[in-house]
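Engineer: next come a sequence and a model predicted from it.
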Amino acid sequence: MAPISSTTVSIVLVHQLFRRLDIATERKDALIQKVGIPPALLAENAARVTTEQFSDLYRLLARETDDELLGMFSRPARGGTLKYLCLSMLQSKNLRTALYSFGRFFRLILDDFTFVVSRQDNLVYIALEPTSPDHPISPFAQGMMLKLVHGVISWLAARKIPLARVDFTYHRPASVSEYVYLYPGPAYFEQPRAALYFESDQLEAPIRQDKGSLRAFLDRAPADWLFVSFAERIISHRVREYLATRLLQPCSIDDVAHGLHISVRTLSRRLREEDTTFQAVKDELRRDIAVQMLIKTDLPISVIGTEVGFHDSTTFHRAFKTWTGGTPKSYRGHHE
């Protein structure tokens, strides 16, 4: 069996989805179970959910509350907000003018912040500016809105637009290594503003979407604008992909460096630049595949352990507990 290597996200993000919503506990549990997340995982701070589960839950909550931004701001973004945002940008000359349209659109519907588009040397940035210094934008809202900007711009261009950098106003989080899977560029923290920076020439690209392709984008939302792969630019993705088909065999950093045609020293340095290590990438891959297989298959837990490179069941259980704070069985729900 060749397991898939799609990523998982922290259960903390699931808690963030509900943080500003007034939903009864019974209804919350029902929605969580509907997307296949065992409610017991909510008590495990290190637990993981698949990107599909997170996206499905987001979509259910947006419909439940008629707020596509899930209570993050003082006014709801009613159903249809993303659709009309995209429609307002489709007539833009290029991505640069589309960014201005993005900012103007949200100025009409939200009061908590404005989007400011400006230049800095050879870079163009779009920044979140709170309308009141007494009401800063939460870290979760910063991340979601910047992901929305990047996701929509990338969709308009029909390709993943690289970032020169991404800035956040909050402290560097313990989970910083996960940012490389969300933002295709270096992340900086404790900055004066939350912003995305693009190379100026990247924004000269024309709009390559139309009303005909918008339906599919909306049907997959928020997955397409939240979780995108940048394997062609990010070394940790390349390491992850190389390891994904070789989990049943011993594979050291020397083996991977040789397979990627770079030196071990260069590989280690580039991974450090992405705030990770070879062992961390390997463990995250095995964790994510194990979670996916526990949720999506009825394979015995011992077989799943073998598939991700553990020939001893006890060792697999111990590693899984370290990775997620829970047992493999807790991800099974009605299975086993």
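Structural biologist: Okay, I see it.
Engineer: quick one: residue 324 from residue 16, how far?
Structural biologist: Using C-beta to C-beta, to the nearest Å, residue 324 is found at 18 Å from residue 16. Just so you know, the C-beta spots here come from the backbone N, C-alpha and C atoms, and that holds for glycine as well.
Engineer: more neighbours: the two, which one.
Structural biologist: Under the criterion of other C-beta atoms under 10 Å, the comparison of residue 324 against residue 16 puts residue 324 first, with 23 against 18.
Engineer: per-residue pLDDT, that one?
Structural biologist: Residue 324 is assigned a pLDDT of 94 by the prediction.
Engineer: for residue 40, which non-adjacent residue is spatially closest?
Structural biologist: With sequence-adjacent residues excluded and distances taken as C-beta to C-beta, 6 or more residues apart in numbering, residue 40 is closest to residue 330, at 5.7 Å.
Engineer: which residues touch that neighbour?
Structural biologist: Contacts for residue 330 (C-beta atoms under 8 Å, 6 or more residues apart in numbering) come out as 38, 40, 41, 44.
Engineer: pull out the buried members of these.
Structural biologist: Neighbour-count burial (16 or more other C-beta atoms under 10 Å) is assigned, among these, to 38, 41, 44.
Engineer: these two touch, right, the first one and residue 329?
Structural biologist: So that's residue 38. No - using C-beta atoms under 8 Å, residue 38 is not in contact with residue 329, being 9.8 Å away.
Engineer: ranges for the strands of the stretch 101-250 of the chain?
Structural biologist: According to DSSP state E, counting those that start in this stretch, the stretch 101-250 of the chain carries its strands in the segments 113-120, 123-130, 165-167, 187-188, 194-199.
Engineer: to residue 222, which of those lies closest?
Structural biologist: Judged by C-beta to C-beta, the one of those that comes nearest to residue 222 is strand 194-199, at 17.1 Å.
Engineer: which other residues reach that closest one?
Structural biologist: 120, 122-128, 137, 142, 145-146, 149-150, 161-169, 185.
Engineer: what's the angle between it and strand 123-130?
Structural biologist: 170 degrees (axes from the mean of the first three to the mean of the last three C-alpha atoms, to 10 degrees).
Engineer: pairing partners for strand 194-199, with directions?
Structural biologist: Applying DSSP bridges to the sheet, strand 194-199 is found paired with strand 123-130 (antiparallel), strand 165-167 (antiparallel).
Engineer: what angle separates that strand from strand 113-120?
Structural biologist: Going by the same axes, to 10 degrees, strand 194-199 makes 30 degrees with strand 113-120.
Engineer: pull the distance from strand 194-199 to the chain's centre.
Structural biologist: 17 Å (C-alpha atoms, centre = their mean, to the nearest Å).
Engineer: now for the strands of the stretch 101-250 of the chain, which one comes closest to residue 241?
Structural biologist: Of all those, strand 187-188 comes closest under C-beta to C-beta, at 21.8 Å.
Engineer: can you name every helix or strand that that closest one contacts?
Structural biologist: Packing partners of strand 187-188 (3 or more C-beta pairs under 8 Å, 6 or more residues apart in numbering; DSSP states H and E): strand 165-167.
Engineer: and the strand it packs on, average pLDDT?
Structural biologist: Averaging the model's pLDDT scores along strand 165-167 yields 96.
Engineer: circling back to that earlier point, and the residue nearest to residue 40, that's in a helix?
Structural biologist: Yes - counting by DSSP: H, G, I helix; E, B strand; the rest coil, residue 330 is found in a helix.
Engineer: I'd like to know which of the strands of the stretch 101-250 of the chain is closest to residue 244.
Structural biologist: strand 187-188 (24.5 Å).
Engineer: which regions of the protein sit below the pLDDT cut-off?
Structural biologist: Counting by pLDDT under 70, the chain has low-confidence residues at 1-6, 228-234, 333-336.
Engineer: ok, 80 please
Structural biologist: Residues of the chain meeting the criterion pLDDT under 80: 1-6, 175-178, 180-182, 184, 227-234, 274-275, 333-336.
Engineer: test my guess that residue 328 contacts residue 317.
Structural biologist: Yes - under the criterion of C-beta under 8 Å, residue 328 makes contact with residue 317 at 6.5 Å.
Engineer: what residues do these two have in common as contacts?
Structural biologist: The overlap between the contact sets of residue 328 and residue 317 (C-beta under 8 Å, 6+ apart) consists of residue 305.
Engineer: please consider this matter closed, and thank you.
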